[in-house]
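Chemist: Sequence first, then the predicted structure, then my questions.
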Amino acid sequence: MAKQLYDYWFVQFDFPNEEGKPYKSSGGKMVWNEKLKREIPQGWNNGMLIDIANITMGQSPDGSSYNEVGEGMLFYQGSTDFGMRFPSVRQYTTAPSRYAKRGDILMSVRVPVGSINIANNDCCIGRGLSAINSKLGSTTHLYYILNDLRIAFEQRNAAGTTFGSITKEDLYSLPIIIPSHEVIRAFDKICSPMFDRQMILGEEIDNLIKQRDGLLPLLMNGQVSVNSDLSDDYVLFCCQ
């Protein structure tokens, strides 16, 4: 739903005008932008990604600091740690160097360039990632801008121009359209609750995974038995 709304407002330019009608379809004024080589709504501007986003490039800690037993800070090396929306917990580091905060967007800067996830914990990021958050106060708007950039990278890859990596300077200078603050705030008001709910569900899933991973070894070595009560349609783990 949020993606469809983003496309409707920021790609087709049919965000609500002062009368609540679709802007472009209702005759809203469009002006030619020479740098973007296209028409955009009056009052909107061209810019670069660094104009609307704080960007931290990752740096990998010393390999001897890596561990999988939970010592130190959660560590994501690259897009290999990515899930559908949130990264999977795989390893930690006792010598973190570059950081992402909970809620930051994580973007891959190495093959496949442009893949994105959202950090659902404070973490350390390796050289395969960048951590990005909005200067305009809207994670939702920034997320879909980066999603559009991801699609652009994939199209270039499909055309045979494969990006092995993207430099800090190139990432900073990616061209974007900068909408009016009023439209961004209206979009964020609708979509932020969806993102917040997804964050809560992601945390609940992580807790369930930890419980599963803790119970399975006990089940395998006989410390736990499984009693199935089909009449109540549930499975109860009982410690012996």
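Modeler: That came through, no problem.
Chemist: Let me know the secondary structure of Y92.
Modeler: Counting by DSSP: H, G, I helix; E, B strand; the rest coil, the backbone at Y92 sits in strand.
Chemist: For Q91, give me its contacts.
Modeler: Listed by Cβ atoms under 8 Å, 6 or more residues apart in numbering, the contact partners of Q91 are 66-68, 75, 77. No exception for glycine: its C-beta is placed from N, CA and C like everyone else's.
Chemist: Neighbour-wise, give me the winner out of the residues you listed.
Modeler: F75 (25 neighbours; other Cβ atoms under 10 Å).
Chemist: is it fair to say it lies in a strand?
Modeler: Yes - applying three-state DSSP, one finds F75 inside a strand.
Chemist: Give the full set of residues in contact with it.
Modeler: F75 sits next to 61, 66, 91-93, 96, 123-126 when contact means Cβ under 8 Å, 6+ apart.
Chemist: what comes up buried for stretch 179-199?
Modeler: For stretch 179-199, the neighbour count (16 or more other Cβ atoms under 10 Å) marks 179, 183-184, 187-188, 191-192, 195, 199 as buried.
Chemist: Next: stretch 99-114.
Modeler: So for stretch 99-114, counting by 16+ other Cβ under 10 Å, buried means 99-100, 103-111, 113-114.
Chemist: export the contacts of F75 to a markdown table and tack on distance to Q42 and pLDDT?
Modeler: Shown next, in a markdown table, are the contacts of F75 (distance: Cβ to Cβ, whole Å; pLDDT from 0 to 100):
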| residue | distance to Q42 | pLDDT |
| --- | --- | --- |
| P61 | 48 | 96 |
| Y66 | 52 | 97 |
| Q91 | 50 | 96 |
| Y92 | 50 | 97 |
| T93 | 49 | 98 |
| P96 | 46 | 96 |
| C123 | 41 | 97 |
| C124 | 44 | 98 |
| I125 | 39 | 98 |
| G126 | 43 | 97 |
